[in-house]
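Student: Pasted the sequence and its predicted model underneath.
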Amino acid sequence: MTELTRMPEPYKMKVVEPIRLIPREDREKAIKEAGLNQFLLQAEDVFIDLLTDSGTGAMSQDQWAGMMIGDESYAGSRNFYNLQRSVEDVLGYKYFVPTHQGRGAENVLFPLIIKPGQYILGNYHFDTTKAHIELKGGRAINLIHQRAYDTASAHPFKGDIDLEKLEAFINEKGVEQIAFILMTVTCNSVGGQPVSMANLRSAYEMAQKYNLPIFLDAARFAENAYFIKQRESGYENKSIAEIVLETFSYSDGCTMSAKKDGLVNMGGMIGIRDNEELFKKVRQNVVPIEGFPTYGGLSGRDMEALARGLREVIEEDYLASRINQVQYLGERLKAAGIPIQEPVGGHAVFIDAKRFLPHIPQSEYPAQALCVELYLESGVRAVEVGTLLAGRDPETGEEIYPELDLLRLTIPRRVYTYNHMDWIVDGLKRIATRKDQIVGLKMVYEPEILRHFTARFAWVK
Ligand SMILES: *Cc1c(COP(=O)(O)O)cnc(C)c1O
């Protein structure tokens, strides 16, 4: 990609949702009422919303049309069978069970495959995934390659698991102590960094060697496939469909949040390649938790939208446009001298707040202070991934200071255009010219758990 290339979106607009930049004084009032916490803003007071890419995408005309043929039969809905065909064709799995979202899939599957005390080895477990592992008595171990922690190095596959550490861990603890291996593609928690096919294949071979099950946390499987096509030799001439099939061939099953690459606003699933015994258990367990196995927490129309979304997301011009837009935002910020995490991942750009605001100590939440400033400057809602999110050490009660204090600009799918990206960059450029004047924050209300959602702040004077 040449620097700063814009690629026209491969779609045109037919329905539009108005957004409005409310006046600066109203933004000041809104963010103060929200206790300087963007989670507590009313969405209508936000101009461009980059809180998350989860469930925030736009559906296509084909998906909306599909919703009109929703079959809301309690059992055996036609849309379930359409979804089953998509799962077979796109993922190559024989079995699946729908769930209301990704964590629903984790909640149903994990108790069936984890014995209390066992380890679950992954590249980097997503936070709800880790929580569900621990709720079932398991222990989540992150074995991502060390290079993932170096924001300035530009390795093409920073989501890879460290295979040597993986094998060493299995040998040290013994196979019986391991429940399964879980590969997260792309690796959300390190910034949407992709996992290479070589790494997926090797992890699968290792699982075979030790007779361990291996699953995918497949929320961003299509974005991962696009990176493989772009970056991994031997894949440049393969179709995304072929790469996706190969990806899933290196797994026994998956949990999936369909709110990302499913291109729907709500939904998820458990996929199983061919293990009929496990499928039977999953079908039993889903009933009391999510619902009957042919709907699993989704209405018929929602299953239809997902059936279509799974096919659309592997279209190459869609993926090229999606990834290019995120890269473009990253490139422009970099060109403006704003420090970002590199390389830019699939779904978000991360600003390194420690480098951008070196005068604000980590105890004063530099990335959160920048979130507040960005909202005030341009009505853009971003999210902190740093000290605020890390919380306190449960034993000592001390603040944890993570290595990175980041502001995440998460881009919803098919929602915003390059003009919106430019607006985001321009706001940050204006902030950069007077960044020394930004002051840190102190927390004036701190909830005990998941504090970032409802904490309230004041400026340090
Ligand atoms: C979003 C996500 C989940 C959880 O899915 P929900 O649909 O939000 O419940 C799990 N794993 C990964 C990698 C995710 O990105």
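Tutor: Structure's in. What do you need? Numbering: from 1, shown residues only.
Student: Bridge partners for residue 49, pull those for me.
Tutor: For residue 49, the beta-bridge partners are residue 381 (DSSP bridges).
Student: Nearest spatial neighbour of the residue of the chain found nearest the ligand, chain-adjacent residues omitted?
Tutor: When scored by Cβ to the nearest ligand atom, the chain has residue 102 as its residue closest to the ligand, at 2.3 Å. Where C-beta positions appear, they are placed from N, C-alpha and C, glycine not excepted. Once flanking residues are discounted, residue 102 sits nearest to residue 257: 2.7 Å by Cβ to Cβ, 6 or more residues apart in numbering.
Student: do the strand or helix carrying residue 288 and the ligand meet?
Tutor: Assigned by DSSP states H and E, residue 288 belongs to helix 276-289. No. Shown here: helix 276-289 not in contact with the ligand (Cβ under 6 Å from any ligand atom), separated by at least 13.3 Å.
Student: and residue 395, what pLDDT?
Tutor: Confidence at residue 395, expressed as pLDDT, is 86.
Student: biggest strand in the protein by residues?
Tutor: strand 178-184 (DSSP state E).
Student: got the angle between the helix or strand just after that strand and strand 178-184?
Tutor: Using DSSP H and E, the helix or strand that follows strand 178-184 towards the C-terminus is helix 197-209. Per axes from the mean of the first three to the mean of the last three Cα atoms, to 10 degrees, the angle that helix 197-209 makes with strand 178-184 is 170 degrees.
Student: Pull the next helix or strand after helix 197-209 out as CSV, backbone CA atoms only.
Tutor: Of the helices and strands lying after helix 197-209 in sequence (DSSP H and E), the nearest is strand 214-217. Output of strand 214-217 as CSV, limited to C-alpha atoms (Å, rounded to 0.1, in the frame of the first residue of the first chain):
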residue,chain,number,x,y,z
ILE,A,214,-7.4,-27.1,19.8
PHE,A,215,-10.0,-24.4,19.4
LEU,A,216,-10.1,-21.0,17.7
ASP,A,217,-11.5,-17.8,19.2
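Student: which ones are touching the residue located most distally from the centre of the chain?
Tutor: Centroid-distance maximum for the chain: residue 461 at 35.7 Å, with Cα atoms, centre = their mean. Residues near residue 461 by Cβ atoms under 8 Å, 6 or more residues apart in numbering: residue 439.
Student: just to revisit the earlier point, helices or strands up against the longest strand of the chain?
Tutor: Strand 178-184 sits against strand 119-122, helix 163-173, helix 197-209, strand 214-217, with contacts defined as 3 or more Cβ pairs under 8 Å, 6 or more residues apart in numbering; DSSP states H and E.
Student: 7 Å - rerun?
Tutor: In this structure, strand 178-184 makes packing contacts with strand 119-122, helix 197-209, strand 214-217, judged by 3 or more Cβ pairs under 7 Å, 6 or more residues apart in numbering; DSSP states H and E.
Student: ok, and what's touching the last one?
Tutor: Spelled out, it's strand 214-217. Strand 214-217 has contacts (Cβ atoms under 7 Å, 6 or more residues apart in numbering) with 126, 129, 180-185, 203-204, 207, 248, 251-255.
Student: Check the residues you listed one by one and keep those near the ligand.
Tutor: Restricting the contacts of strand 214-217 to those adjacent to the ligand (criterion: Cβ under 6 Å from any ligand atom) gives 126, 129, 184.
Student: Among the residues you listed, which one is most surrounded by other residues?
Tutor: Within these, most neighbours by other Cβ atoms under 10 Å means residue 184, with 28 neighbours.
Student: how about the nearest residue to that one, chain neighbours excluded?
Tutor: The spatially closest residue to residue 184, leaving aside those adjacent along the chain, is residue 217, at 4.1 Å (Cβ to Cβ, 6+ apart).
Student: thought residue 346 was touching residue 190?
Tutor: No. Using Cβ atoms under 7 Å, residue 346 is not in contact with residue 190; the gap is 11.5 Å.
Student: Next, see if stretch 156-169 gets close to the ligand.
Tutor: No. Against the ligand, stretch 156-169 shows no contacts by Cβ under 6 Å from any ligand atom, the least distance being 10.5 Å.
Student: residues touching residue 212, list them.
Tutor: Contacts for residue 212 (Cβ under 7 Å, 6+ apart) come out as 175, 178, 180, 181.
Student: Name the nearest residue to the second one, sequence neighbours excluded.
Tutor: Once flanking residues are discounted, residue 178 sits nearest to residue 119: 5.2 Å by Cβ to Cβ, 6+ apart.
Student: what does the third one give?
Tutor: Beyond its immediate neighbours in the sequence, the residue positioned closest to residue 180 (Cβ to Cβ, 6+ apart) is residue 213, lying 4.2 Å away.
Student: Now do the same for that neighbour: its pLDDT.
Tutor: For residue 213, pLDDT reads 98.
Student: Who are the contact partners of it?
Tutor: Per Cβ under 7 Å, 6+ apart, neighbours of residue 213: 113, 180, 207, 252.
Student: which of the residues you listed count as buried?
Tutor: 113, 180, 207, 252 (16 or more other Cβ atoms under 10 Å).
Student: where does residue 134 fall, helix, sheet strand or coil?
Tutor: Assigned with DSSP: H, G, I helix; E, B strand; the rest coil, residue 134 falls in the helix class.
Student: Contact residues of the stretch 201-350 of the chain facing the ligand?
Tutor: Proximity of the stretch 201-350 of the chain to the ligand, by Cβ under 6 Å from any ligand atom, involves residues 217, 219, 257, 259, 260, 268.
Student: ok, so of those, who is nearest residue 49?
Tutor: Lowest distance from residue 49 to those (Cβ to Cβ) belongs to residue 259, with 14.8 Å.
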